[in-house]
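In: with the sequence up front, the predicted model follows.
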Amino acid sequence: MTRVCLDSNVWVAAFAARGLCADLLALVLAEHELVVPEVVAEEVRRVLTIKLNATDAALSSVEAVFDRCEFVPRGRDPSPTVVRDPDDERVLADAFAGGAEILVSGDGDLLAVAAESPIRILSPRAFITLARGGTP
């Protein structure tokens, strides 16, 4: 089993609409270990509550999924790779500290440093391709 971390944008997309990210989340839950940095969980809760006005039932669904995951507390260790956005740098640092092997993100700042990162950083589509046996 691969240890996978999903960035907040993937989580939000998975809960906001049916589609690629929802399928990706289901795949990761079924076939991999899902690592969730606390910083990601906080951002998902904030975006779903404030920006998307999620219902209590929707938020309960998110929490139920979070309960099935391994949480990584907010760390202090520096990111193994410099990222333009300090918030993204914290996500990468905590994913790395939590032992994630792959970070799935749609964020351009994280995808831009994928070649320098000690853990694989893949777009949602690239992860699905990899999971299905293809080359991302």
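Out: Now that the structure is in, tell me what you want to look at.

In: please point out which parts of stretch 113-125 sit buried.
Out: 113-114, 117, 119-124 (16 or more other C-beta atoms under 10 Å). For glycine as for every other residue, the C-beta is placed from the backbone atoms N, C-alpha and C.

In: please identify which of those is nearest to Pro37.
Out: Ile119 (12.2 Å; C-beta to C-beta).

In: filter the buried residues of stretch 113-125 down to the ones in strands?
Out: Using DSSP state E, the subset of these located in strands is 120-122.

In: which of these lies closest to Leu25?
Out: Leu122 (14.4 Å).

In: please tell me how far that closest one sits from Leu92.
Out: The spacing between Leu122 and Leu92, counted by C-beta to C-beta, to the nearest Å, is 13 Å.

In: what's the overlap in contacts for those two?
Out: Shared contacts of Leu122 and Leu92 (C-beta atoms under 8 Å, 6 or more residues apart in numbering): Leu103.

In: in the lowest-mean-pLDDT helix or strand in the chain, what's buried?
Out: Lowest mean confidence among the helices and strands of the chain (mean pLDDT, DSSP states H and E): helix 56-66, at a mean of 93. Buried residues in helix 56-66, counted by 16+ other C-beta under 10 Å: 62, 65-66.

In: dump these to CSV, plus distance to Ile50.
Out: Output for the buried residues of helix 56-66, formatted as CSV (distance: C-beta to C-beta, whole Å):
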residue, distance to Ile50
Val62, 14
Val65, 19
Phe66, 18
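
In: which of the residues you listed lies closest to Val40?
Out: Nearest to Val40 among the buried residues of helix 56-66, counting by C-beta to C-beta, is Phe66 at 9.8 Å.

In: isn't that closest one right up against Val40?
Out: No: counting by C-beta atoms under 8 Å, Val40 is not a contact partner of Phe66; they are 9.8 Å apart.

In: which residue packs closest to Ala13, ignoring adjacent ones?
Out: Distances taken as C-beta to C-beta, 6 or more residues apart in numbering put Cys21 closest to Ala13, at 3.7 Å, once the chain neighbours are dropped.
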